[in-house]
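[1] how would this look folded up:
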Amino acid sequence: MPRESYRDRAVVVRTYDFGEADRVIVLLTRHHGLVRGVAKGVRRAKSRFGSRLQQFVALDVQIYPGRGLSTITSADTVAFYGSGIIDDYETYTAGCAVLETAQRLAYEDTAVGENETYLYDAVVATFAQLQSGSLAAQKNPDGPAFQPTAELDMFCLQAMAHAGWAPSLFNCAACGEPGPHHAFHPAVGGASCVHCRPQGAAEVDPETLHLMWLWAGGHRAAAAQVLSSAPHLAAEAHRLTTAHLQWHLERKVTALNVRGHA
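    Residues are numbered from 1 along each chain as shown. Here you go, the predicted structure:
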């Protein structure tokens, strides 16, 4: 029995050329997880919606399910976040890392109503923060420095918490001894006391773990205040966040390691 077409909100994760004029679009949808669909004829100059199927655009799409690939029959722009994101290298690479991380975390072919909308909503909210922060920095270059990597790390820490494997950032992840602690290793689940510290654990400043805790809780203003007095903590926090994420995904997220993030 043929499956009916449906509409959903989506963002483009990545694209591939397909045939002479078509393109395969990988979408992160709000209600259907990851969807791989063919957009027919979008590489032709007269394509009606090809220009909309790009990264950093929130879309309303019509999708016809198929056995292998679905077919994307229409796409309307809901919000465009590219302005500001694509104008700055660090902001752009942070945005790409958000998309790749979301792709690794997403479930495919989830039926309507079965998948929470968290991941899509978190990606769009992060795009909005990246765009507004970048545009504000462009308008006021003498103001507070915008740190797109902080928005990326905030997204990653909150997404890991939603997935159920957030790092422990105060208590020892192994025995529960209250911190602050000076070691971190993703194999034990984050912070580690002197008794549980495994070989190869990173020596960390407890203030770095505090910064990560603020990001994980969405305390953007408090985290910015910490960074204003100790900006060096950001690089270490990014390394720990990346290490924990990739350990639990059991694969690298390429965009996280693009030079210029840390």
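
[2] And the pLDDT at residue 108?
    Looking at residue 108, its pLDDT is 47.

[3] Go through stretch 123-137 and flag the buried ones.
    Residues 123, 124, 126, 127, 129, 130, 131, 133, 134, 135, 137 are the ones in stretch 123-137 that count as buried (16 or more other CB atoms under 10 Å). In this view, the C-beta of every residue, glycine as well, is placed from N, C-alpha and C.

[4] same deal with stretch 140-147?
    For stretch 140-147, burial by neighbour count (16+ other CB under 10 Å) applies to 146, 147.

[5] For it, give me every contacting residue.
    91, 133, 134, 136, 137, 224, 227, 228, 234 (CB atoms under 8 Å, 6 or more residues apart in numbering).

[6] quick one: the fourth one is in a helix?
    Going back to what we said before, that points to residue 136. Yes. Counting by DSSP: H, G, I helix; E, B strand; the rest coil, residue 136 is part of a helix.

[7] Could you look up the SS state of the closest residue in space to it that isn't next to it in sequence?
    Spatially, and ignoring its direct neighbours in sequence, residue 136 is nearest to residue 146 (6.7 Å; CB to CB, 6 or more residues apart in numbering). Three-state call for residue 146 (three-state DSSP): coil.

[8] Repeat that for the one 3 residues further on.
    Secondary structure, three-state DSSP: residue 149 is helix.

[9] For it, give its distance to residue 37.
    31 Å (CB to CB, to the nearest Å).

[10] same thing with residue 203?
    Distance of residue 203 to residue 37, given as CB to CB: 47 Å.

[11] Of those two, which one has the most company?
    residue 37 (24 against 9; other CB atoms under 10 Å).

[12] does that one have beta-bridge partners, and which?
    Judged by DSSP bridges, the bridge partners of residue 37 are residue 25, residue 70.

[13] Quick check: pLDDT value at it.
    Residue 37 is given a pLDDT of 91.

[14] how about it, what does it touch?
    24, 25, 27, 63, 69, 70, 71, 72.

[15] Recalculate using a threshold of 10 Å.
    Taking CB atoms under 10 Å, 6 or more residues apart in numbering as the criterion, residue 37 is in contact with 10, 23-27, 29, 53, 61, 63-66, 69-73, 75.

[16] now swap in residue 165 and tell me
    By CB under 10 Å, 6+ apart, the contact list for residue 165 reads 186, 189, 190, 244, 245, 247, 248, 249.

[17] Just the buried residues of these.
    Using 16+ other CB under 10 Å, the buried members of these are 186, 189, 190, 244, 245, 248.

[18] Relative to residue 116, how far out is the closest residue to the third one other than its chain neighbours?
    Think residue 190. Distances taken as CB to CB, 6+ apart place residue 167 nearest to residue 190, at 3.2 Å, with adjacent residues excluded. Distance, residue 167 to residue 116, by CB to CB: 21 Å.

[19] quick one, which of the two is more surrounded?
    Ranked by neighbour count (other CB under 10 Å), residue 167 and residue 116 place residue 167 first, with 26 against 13.

[20] show me the contacts for that one.
    Neighbours of residue 167 in contact, by CB under 10 Å, 6+ apart: 157, 160-161, 173, 184-186, 188-191, 209, 212-213, 216, 240-241, 243-245, 247-248.
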